[in-house]
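Novice: predicted model follows, preceded by the sequence.
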2 protein chains.
Amino acid sequence: MSNVVIEWLTSQFGERVLTDQDSLEHYGKDWTKKYTPAPTAIVFPKTTEEVQALVRYANEQKLALVPSGGRTGLSGGAVAANGEIVVAFDKMNNIIDFDAGDRLVQCQAGVITEQLQRFAEDNDLYYPVDFASAGSSQIGGNLSTNAGGIKVIRWGMSRDWVSGLTVVTGKGDILELNRGLVKNNTGYDLKQLFIAGEGTLGFITEATMRLTRKPKNLQVMVLGLSHFDNVMDVLKTFSKTIEITAFEFFSHQAMSHVLAHGGVAAPFAEDAPYYALLEYEVVSEAVEEEAMAQFEQAVEAGWVVDGVVSQSEAQAASLWRLREGISESIAPHTPYKNDIAVRPSRVPEFLKRIDEVVSAEYPDFEIIWFGHIGDGNLHLNILKPVDLDKDTFFSRCERVNTMVFDIVKDCGGTISAEHGVGLLKQPYLPYSRSAEEIAYMRAIKAAFDPNNVMNPGKLLAAGEAV
Amino acid sequence: MSNVVIEWLTSQFGERVLTDQDSLEHYGKDWTKKYTPAPTAIVFPKTTEEVQALVRYANEQKLALVPSGGRTGLSGGAVAANGEIVVAFDKMNNIIDFDAGDRLVQCQAGVITEQLQRFAEDNDLYYPVDFASAGSSQIGGNLSTNAGGIKVIRWGMSRDWVSGLTVVTGKGDILELNRGLVKNNTGYDLKQLFIAGEGTLGFITEATMRLTRKPKNLQVMVLGLSHFDNVMDVLKTFSKTIEITAFEFFSHQAMSHVLAHGGVAAPFAEDAPYYALLEYEVVSEAVEEEAMAQFEQAVEAGWVVDGVVSQSEAQAASLWRLREGISESIAPHTPYKNDIAVRPSRVPEFLKRIDEVVSAEYPDFEIIWFGHIGDGNLHLNILKPVDLDKDTFFSRCERVNTMVFDIVKDCGGTISAEHGVGLLKQPYLPYSRSAEEIAYMRAIKAAFDPNNVMNPGKLLAAGEAV
């Protein structure tokens, strides 16, 4: 069976089919450490029509396809652990069209986030979606997981920048959805289903993305705070009069890892238990004055232990490294990641309740908190003790999952704010979506992908065997 | 049959059931003049659970339900012309919850747009979706048609302000979708299907809407222009350096009707064939200086014949009336409305081609152009000559529809930018959506509303009889 498939793939894609062991391992996984990659083959299409041919063949042969972008996902959405064919978008990395007046850029799915950001900058515009993995992640993957990141509070999620999508559905149809229009009220907005759809309804092959005005002068302020509640106080008062472009939070423990990793200095002589990083656009002197007035007020209120404001772009970048370096600096400790969110106003209660449970259950584990607190989004990272084996560590973490997710549910939150569901969160979906919602999702899946060939087992449980 | 139904309705809703002829006519239609209302009864639920009971009964009895908000729609989406039961949301007009920190307000579907705008203002915040019918239209209707309006260029469509929806699906399930979260990547974003879904999948009963910072000082500039291309020149150059909050266009003919209607003065001593209205937020003196510099440049370039800038809120409001008064002033002329859009960059070619066709086909009709040109959205209004009867007029207009829509299709545009499809545009849907897209829409409809009880015949052709 497998030989017949590989013969067909080779007849269609020639050298753009890989089956060597190294490639199978490399392209069969994402940044989730849990799964063992075991795809049958990796294919590199160059056009939407080639993707369509693949999907049609998969329907005929009842094969499973897994889409693969930059493989920076954290929920196993791009993992191929069951003999699937990986459809890698690396060779679909061209910018197809650009209109400066409409501020629209049409990309193939394999365009890398940073490539799009640079293209925008070269044209004196701005693509505001940004996160630590922007140098590897691809637009198709970003959209399939509705990537968020560090600028959501001002500029929203990836979803908010999509003006058109070309997709190949699970039935093998090519749909050109919305075609870059600002307004188009002609029925159900189908492109929304493919955004955050994790490739389970179809694969995104092209996207028309909106760009925006380049921010003029982004200033960064880092504050050391005594109590977590003060982080929320600062958020509340600053956002009343200043249009914040980012508001990030990290614990001292999180920052310690970045400092130990090297290349960046501690912001203050004295440590604080919590830190907040604010960014805002200095469109006028009045904004800068207002920010300084707010800062002084926060000091007087006793919220702030110490603070620093960037005086140059270089200094702003250096302050950002305190926050953006966290994921990389804790990666060697095999972190067990949770990406949870509630409404911002509920964050203090939420963090306190979870911290209590986690501290009680893992007295011997190091717990790292950071996140996009302005969006109510917290990253809870539990680090593996050096002397514990990976399987025992992960199974102990998973045991506490349901306790954490009970609190998430009770606080009206979500078990996945921006990482998606994939394989990792799939068993926990009912903590965030009702049985009725999941039933409608299944019906939609059946309409677009009746043979369950598109990324089966991700997001929704596998159901019937492929 | 009808008696049994009315008995059941009365047993459940008491005096909140109307069957008198005046009410049937009043609640059975929207602003579309074409259809003759003929509902069986009007029901006024007060809660989501009452709507659910109605939908379940409709499924048992195979009845058709039509949702009714402010009935300001222009595509017949809320018309009940076939013995349907009208579900009017007038008694579900409470603001349920508000959180100033999260900037979220939870409304029942019957809250009026202006009521929400005022609530936001009273809390020193802003709900930016605005249009001429804001005094009557309801949030549920706005969302079901994804209402746009005059501030889309800066603040987007209604869709962009939805943070949560409670809906009753056609199967009678209550879904609480997203619950006000900023980030929530846990599968298909089902709320997006109900936005612009025109009540065909389910009825929206509650919505959690985002509010934003109140703009500080909105200045309005009206320019008289010699050529249509200059409208686009002004849009292009101004939007490069100024964050425009509105950019509207109207012809001299459109403005003449507003002036004849009374209550507002001509902006200039000398007439111009075209006018542009710009609005922008004066966050600093620099913005005002930049706007004046742009204006002078536009005069030097020969684009602008004359111009006026508002010096007060009252003057800004008065200038806005030149644009916002158009619909009301032409209403007595029984206008045949088209609401079409292309990408902004294609507008000049698009308008020229359509104007040629329309002028050739209707040499005896008055044609009024205006619209949200910054979004590529044009309102083409054809006025009925006084001595022509309504039926002949409409049938002559419809004959040219396909010629107009051929151009729309050829320019990659849409046959309905913001008015929706309803009954009026339903036969023309294939000009904007492919056969495959429509097939997927039908499959989604079948999943949410298998008995076709929810607003049947709107958006999608009726198919099987109810």
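Specialist: Received the coordinates, thanks. Residues are numbered from 1 along each chain as shown, chains lettered A, B, ... in the order given.

Novice: which SS class is A:Asp271?
Specialist: Secondary structure state of A:Asp271, per DSSP: H, G, I helix; E, B strand; the rest coil, is coil.

Novice: for burial, what's the neighbour tally of A:Asp355?
Specialist: 14 (other Cβ atoms under 10 Å in any protein chain shown). Glycine gets a C-beta too; all of them are placed from N, C-alpha and C.

Novice: what pLDDT is listed against the residue sitting nearest the centre point of chain A?
Specialist: Nearest to the centroid of the C-alpha atoms of chain A, with distances taken as Cα atoms, centre = their mean, sits A:Ala147, at 3.8 Å. Note on A:Ala147: pLDDT of 97.

Novice: got it, and A:Val400?
Specialist: In this model, A:Val400 is scored at 88, pLDDT.

Novice: ok, back up a step: so what's the nearest residue to the residue nearest to the centre of chain A once chain neighbours are set aside up against?
Specialist: Distance criterion Cβ to Cβ, 6 or more residues apart in numbering or on different chains; nearest residue to A:Ala147, sequence neighbours excluded, is A:Ser158 at 4.7 Å. By Cβ atoms under 8 Å, 6 or more residues apart in numbering or on different chains, the contact set of A:Ser158 is A:129, A:142-143, A:145-148, A:195.

Novice: can you pull the residues of the stretch 301-450 of chain A lying near chain B?
Specialist: Within the stretch 301-450 of chain A, the positions near chain B by Cβ under 8 Å from any Cβ of the partner chain are A:341-345, A:372, A:375-377, A:412-421, A:425, A:429, A:432-434, A:436-438, A:440-441, A:443-444, A:447-448.

Novice: which ones are touching the residue of the stretch 201-350 of chain A at minimum distance from chain B?
Specialist: Chain B sits closest to A:Ser284 of the stretch 201-350 of chain A, with a gap of 3.7 Å, by Cβ to the nearest Cβ. Contacts for A:Ser284 (Cβ under 8 Å, 6+ apart) come out as B:283-284, B:286.

Novice: okay, now the closest residue in space to A:Tyr126 that isn't next to it in sequence: neighbour count?
Specialist: In space, not counting the residues next to it along the chain, A:Tyr126 is nearest to A:Lys214; the distance is 4.3 Å by Cβ to Cβ, 6+ apart. Residue neighbour count, defined by other Cβ under 10 Å, stands at 14 for A:Lys214.

Novice: a markdown table for the contacts of A:Ser284, including secondary structure?
Specialist: Formatted as a markdown table, the contacts of A:Ser284 follow (three-state DSSP):
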| residue | secondary structure |
| --- | --- |
| B:Val283 | coil |
| B:Ser284 | coil |
| B:Ala286 | helix |
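
Novice: for chain A, state which of those residues is nearest.
Specialist: Nearest to chain A among those: B:Ser284, at 3.7 Å, using Cβ to the nearest Cβ.

Novice: what about the nearest residue to A:Asn451 once chain neighbours are set aside, neighbour count?
Specialist: Spatial nearest neighbour of A:Asn451, excluding adjacent residues (Cβ to Cβ, 6+ apart): A:Asn59 at 5.1 Å. Neighbourhood size, A:Asn59 [other Cβ under 10 Å]: 19.

Novice: chain center to the one helix or strand A:Asn59 maps to: distance?
Specialist: Assessed by DSSP states H and E, A:Asn59 sits inside helix A:48-61. Offset of helix A:48-61 from its chain centre (Cα atoms, centre = their mean, to the nearest Å): 28 Å.

Novice: could you do stretch A:426-441 as well?
Specialist: In terms of Cα atoms, centre = their mean, the centre of stretch A:426-441 is found 20 Å from the chain centre.

Novice: pull the residues that contact it.
Specialist: Contacts for stretch A:426-441 (Cβ under 8 Å, 6+ apart): A:401-402, A:405-406, A:408-409, A:413-416, A:421, A:457-461, B:169, B:173-177, B:184, B:186-188, B:190, B:447-448.

Novice: for that stretch, what is the average pLDDT?
Specialist: Per-residue scores along stretch A:426-441 average to 97.

Novice: got it, and stretch A:452-466?
Specialist: The pLDDT scores in stretch A:452-466 average 82.

Novice: same thing with stretch A:216-234?
Specialist: When pLDDT is averaged over stretch A:216-234, the result is 94.

Novice: list the buried residues for it?
Specialist: A:218-225, A:228, A:230-234 (16 or more other Cβ atoms under 10 Å in any protein chain shown).

Novice: over to stretch A:42-53?
Specialist: Neighbour-count burial for stretch A:42-53 flags A:42-46, A:48, A:50-53 (criterion: 16+ other Cβ under 10 Å).

Novice: so what touches stretch A:394-414?
Specialist: For stretch A:394-414, the surrounding residues in contact (Cβ under 8 Å, 6+ apart) are A:34, A:336, A:338, A:340-343, A:346, A:349-350, A:353-354, A:357-358, A:361-362, A:376, A:380, A:382, A:415, A:428, A:431-432, B:179-181, B:183-186.

Novice: fine, thanks again, bye for now.
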